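>>> I'd like to go over a predicted model; first the sequence, then the structure.
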Amino acid sequence: MSPARRSNKNKGGGLINTLINKLPIELHVPGYQYCGPGTNFKKRLTRGDKGINLLDSACRDHDIAYERSNSITDCNKADHILEQRAWDRFKSKDSSLKEKAVAWGVTTAMKTKRKIGGGCGYKAAIKAAKNVIKKNIGEKNLLKLSKKCVAVARKTFKTKKTKAPRIITVPKKGGVLPPIPIFAGLSALGAL
């Protein structure tokens, strides 16, 4: 990975964007210039690449928006705009079958990226949940405390699709009995 790539602060945040930012190579759709993760954007712009079709130019505009932005919300807006433009290319009658297939893939990828954590501040959600636990240290009802943590995490993610984490509590004292809940959980996972 080049040092110039590591020093660029204008990258998206979140789980998916972090993985994409660490790619050592460009993973483009065959024949496309901008459509795919890990684009060496500045090199392609200085070379004068415009994009081979409207979908590729939409991907270029998406990369420009990422390059100009520092905030996660702007990156999420750019993802949504690319999703809409790719869907428009999919519905368009003047696009080829290959372009429709790639447009459908881009639409699905952007939608998935937005839904599962592209740009979600996981660290911010965990920090907010930890603060709730610190403030309610004397709370005896663990269900009530976990609901408060999930509510704060939902506010951080700004979505209502966050589910409560499945955590098996392990007693700190005892002999053979403490690992029994862990073994029960593992056997339940094995049944899936």
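Yep, it's here.
>>> assign the residue lying closest to Ala78 once chain neighbours are set aside to helix, strand or coil.
Spatial nearest neighbour of Ala78, excluding adjacent residues (CB to CB, 6 or more residues apart in numbering): Ala65 at 3.6 Å. Heads up, the C-betas are built off the backbone N, CA and C, glycines and all. Per DSSP: H, G, I helix; E, B strand; the rest coil, the local secondary structure of Ala65 is helix.
>>> pretty sure Ala65 sits against His80.
No: assessed by CB atoms under 8 Å, Ala65 is found out of contact with His80, at 10.6 Å.
>>> who's more crowded, those two?
Per other CB atoms under 10 Å, whichever of Ala65 and His80 has more neighbours is Ala65, with 17 against 13.
>>> what's near enough to touch that one?
Ala65 makes contact with 74-75, 77-78, 81, according to CB atoms under 8 Å, 6 or more residues apart in numbering.
>>> now the residues you listed in a markdown table, with pLDDT?
Converted to a markdown table, the contacts of Ala65 look like this (pLDDT from 0 to 100):
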| residue | pLDDT |
| --- | --- |
| Asp74 | 83 |
| Cys75 | 81 |
| Lys77 | 87 |
| Ala78 | 88 |
| Ile81 | 93 |
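>>> most neighbours out of those, which is it?
Neighbour counts for the contacts of Ala65, by other CB under 10 Å, peak at Cys75, which reaches 24 neighbours.
>>> please report how far Asp74 lies from His62.
Distance of Asp74 to His62, computed by CB to CB, to the nearest Å: 11 Å.
>>> please apply the same query to Pro30.
According to CB to CB, Pro30 stands 19 Å off from His62.
>>> so these two - more neighbours on which side?
Shown here are Pro30 and His62; by other CB under 10 Å, His62 has more neighbours (23 against 8).
>>> which one is the more buried one nearest to, not counting chain neighbours?
With sequence-adjacent residues excluded and distances taken as CB to CB, 6+ apart, His62 is closest to Leu82, at 4.2 Å.
>>> just checking, the one you found touches Gly105?
No: under the criterion of CB under 8 Å, Leu82 is not in contact with Gly105, lying 12.0 Å apart.
>>> have a look at these two and say which one is more surrounded.
More neighbours surround Leu82 than the other of Leu82 and Gly105, with 24 against 15 (other CB under 10 Å).
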